[in-house]
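S.K.: Here's my sequence, what's the structure:
(2 chains)
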Amino acid sequence: MNKVSQAGKGELVFAGALFLVSLLVFWDTHKLVLPTNNTVVSPRTFPYAVATLLLITSIGVAIEVLRGRAGVPEGTDRETPFQKADLRTMGIIVLAIALHVFLLERTGYIISAAISFWGVAFAFGAKKIVRVGIISIVFATLVYFSFTNLLDIQLPKWILEEFISKVGA
Amino acid sequence: MFDNFGPLLDGFSQAFIFSNLIYGFIGTFLGTLVGVLPGIGPALAIGLLLPITLTVQPTQALIMFAAIYYGAMYGGSTTSILLNTPGESGSVITAVEGNKMARAGRAGAALATAAIGSFIAGTIATLLLALAAPQLAEIAITVQPAGFLALIITAFATVGTLLGSSRVRGLISLSVGLTIGLVGADLQSGSLRLTFGSAAAIDGIETVTVIVALFALGEVLYLASRFKHDNWQVIPVGGRAMMSKRDFKRSWKPWLRGTAIGFPLGVIPAGGSEVPTFLSYAVEKKLAKGAEKEEFGKGAIEGVAGPEAANNANAAGALVPLLALGLPTSATAAVVLVAFQSYQIQPGPLLFQTNPELVWALIASLFIGNTLLLVLNLPFIRFWVKLLYIPRPYLYAGITTFALLGGYALNNSIFDLQVALAVGIIGYLFRRFGVPITPLVIGAILGPLAELYYKRALQISQGDHSVLFDGSLTKSLYIFLIFVIFVPPIYRRMKKGAKASA
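M.R.: Numbers count the residues shown, from 1 in each chain, chains lettered A, B, ... in the order given. This is a model prediction of the structure:
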């Protein structure tokens, strides 16, 4: 097991997670409520096949890693020194997206889009926080305005959006 | 063979209506604009621009997609020449040789050979598409469900095993895609699969959301994970995007050879543009002589001209099975399929009978879009280059914003956005561990279709499985499949053996 590199350990967890997913598909398919009318092919057949393929391939990937052939990102090779993922930067982005999802239908498009824009820009090292904040709001407002007014695509409204559509009219 | 000529002319008269030309122009512009942005390939570009066409008429929307399709590819090659970022796989080779040319002060020539090569390859390949797709559709009408199942399984196997660094990783990507395709109510029985009590999941998972999240959010997360290590350097374009007579002489043969390699490999399911561009590069390297051979690896114009032509011809080739069979063979073709479906248009053998004017308008607009690109883009190269200087924080924030907007606007659904976040994280993990993304996309789209054909075949035969191997088409496809699966490893082993004994 010693030759499994730092990155390889991560990939083992990845393969393990997909292994669990395949078990989940098996379980879900097993407890599937079957239709009363008899069909030639059971709705279970195909999911069982998919789960089997996922099960086999996840074990296959794990074997690859244990043999010292861990996967490397496209554009790099095994000689490229291992770099620890920048979890802080990634965490901020995931948080920004999650906030967007949470807020969108609560506080309207502009606020939630401005927050995610700002969050991602900040994660990627934008320095002047206040200026980025202003750009975020302007950008989100422009996107909202052009999609709802020019393209007729409705986005979630709140007080801000109501105000803009009144001014726009 | 010339039966198609009349409908094609009708298609041109459709496409040449002024308002339709405007849509073609907008599509070209937006496609290039989005395609130039680093990290955005043609699949993502179309996915991101999908909401824009939600309220446009079907014909106009298809004209726009045709223009966006070629525009995004053109934009992508500009980026890989001037900025060496590993973006979508079809431009990897362009990035190798084109970037070296740019560093050597020959950016203008590299851009010009890529653009003119793309135009020539695109035009020839679109012509071949206009000839081949109706013929294939005519044959395909007689294909039975078992035949379609065999076609899909072949596509799964080739896409799953040809892409990426290892076959098992291609297949695991395919499996994850198939699993995503399972979610929701079973089409025939109505049984709920993998919904875990969520009402929103009954309709299944929106494919566009999957594609956009994989390519956009996955890529943004990947770049974030290593952003302290990466350095970007845009190489300025000295002079104009022009070729000398000598460049032209060195380019025209690679253009034609690239087209010849790219188109057929797009028609058969070879998994997108990775294989043909590599192949074209290898051929050009082999054929080069003397001083020109020396240049390979340091910026040989043949190494840009060939693969770039192959890439474009491949994209047009991929439209043949998409239009005639309804089967996407690359991630980009998959997005185009979804775009069609959002207008209740089902590509496939019947399309040429039910909506011929639509198909021919689309093919005509591919010609027009291709020409517009050449006319508009080379002279305005300086404008496109400016896009590469957008500060990275804003660029990624913008990409994220549009990805989230696209994820939501299609169905106005928060559930779609939750899926997008989850799929984005999967996309990051795939990228990180060298798992190719295209098999996932193909699996998610074709999985439900495979199940449907499987069930139909067995319904016809009353449950007799031998129907799956009936007919010469299914038999030859499965034999081909065995070749695809077993020949490459044996070949590799033999090569290793030869090396060891040498």
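S.K.: check contacts around residue A:110.
M.R.: By C-beta atoms under 8 Å, 6 or more residues apart in numbering or on different chains, the contact set of residue A:110 is A:137, A:140, A:141, A:144, A:158, A:160, A:161, A:164. C-beta here means a position set from N, CA and C on the backbone, and glycine is covered the same way.
S.K.: now these in CSV, with secondary structure and pLDDT?
M.R.: What follows is those, written out as CSV (DSSP: H, G, I helix; E, B strand; the rest coil; pLDDT from 0 to 100):
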residue, secondary structure, pLDDT
A:137, helix, 95
A:140, helix, 95
A:141, helix, 93
A:144, helix, 92
A:158, coil, 88
A:160, helix, 82
A:161, helix, 84
A:164, helix, 75
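S.K.: Name the nearest of those residues relative to residue B:127.
M.R.: residue A:144 (43.2 Å; C-beta to C-beta).
S.K.: wait, what's in contact with that closest one?
M.R.: By C-beta under 8 Å, 6+ apart, the residues touching residue A:144 are A:109, A:110, A:113, A:155, A:161, A:164.
S.K.: show me where pLDDT drops low in chain A?
M.R.: Scanning chain A with the threshold set as pLDDT under 70 gives A:1-3, A:37-38, A:75-82, A:168-169.
S.K.: redo that, cut-off 90
M.R.: By pLDDT under 90, the weakly predicted segments of chain A are A:1-9, A:31-43, A:68-86, A:125-129, A:145-155, A:157-169.
S.K.: Geometric centre of the chain: which residue is closest?
M.R.: Went with chain A since none was named. residue A:94 (8.0 Å; C-alpha atoms, centre = their mean).
S.K.: try chain B instead
M.R.: Central residue of chain B (C-alpha atoms, centre = their mean): residue B:332, 3.1 Å from the mean position.
S.K.: one step back: how close does the residue nearest to the centre of chain A get to chain B?
M.R.: The gap separating residue A:94 from chain B is 7 Å, by C-beta to the nearest C-beta, to the nearest Å.
S.K.: Test my guess that that residue contacts residue B:221.
M.R.: Yes. Using C-beta atoms under 8 Å, residue A:94 is in contact with residue B:221, at 7.5 Å.
S.K.: what residues are shared contacts of the two?
M.R.: Between them, residue A:94 and residue B:221 share these contacting residues under C-beta under 8 Å, 6+ apart: residue B:425.
S.K.: List the contacts of residue A:69.
M.R.: residue B:166.
S.K.: how about it, secondary structure?
M.R.: Under DSSP: H, G, I helix; E, B strand; the rest coil, residue A:69 falls in the coil class.
S.K.: pull the longest helix from chain A.
M.R.: The helix that spans the most residues within chain A, counting by DSSP state H, is helix A:87-123.
S.K.: could you list every residue that touches residue 96?
M.R.: In the absence of a named chain, this looks at chain A. Going by C-beta under 8 Å, 6+ apart, residue A:96 touches A:115, A:116, A:118, A:119, A:120, A:123, B:400.
S.K.: wrong chain, I was asking about chain B
M.R.: Residue B:96 is in contact with B:281, B:303, counting by C-beta under 8 Å, 6+ apart.
S.K.: How much space separates it from chain A?
M.R.: From residue B:96 across to chain A, the span is 10 Å (C-beta to the nearest C-beta).
S.K.: Now the element after the helix or strand containing that residue, going C-ward?
M.R.: Taking DSSP states H and E as the definition, one finds residue B:96 inside helix B:92-103. Next in sequence after helix B:92-103, counting helices and strands by DSSP H and E, comes helix B:107-140.
S.K.: Taking their axis directions, that next one and helix B:92-103 sit at what angle?
M.R.: Helix B:107-140 and helix B:92-103 meet at an angle of 160 degrees, taking axes from the mean of the first three to the mean of the last three C-alpha atoms, to 10 degrees as the criterion.
S.K.: by contact count, what packs against whichever helix or strand comes after helix B:107-140?
M.R.: Note on helix B:107-140: by DSSP H and E, the next helix or strand toward the C-terminus is helix B:145-162. Where contact means 3 or more C-beta pairs under 8 Å, 6 or more residues apart in numbering or on different chains; DSSP states H and E, helix B:145-162 is packed against helix B:167-182, helix B:438-460, helix B:471-501.
S.K.: Can you give me the buried ones in the longest one?
M.R.: By neighbour count, and taking 16 or more other C-beta atoms under 10 Å in any protein chain shown as the criterion, the buried residues in helix B:471-501 are B:471, B:473, B:474, B:477, B:478, B:481, B:484.
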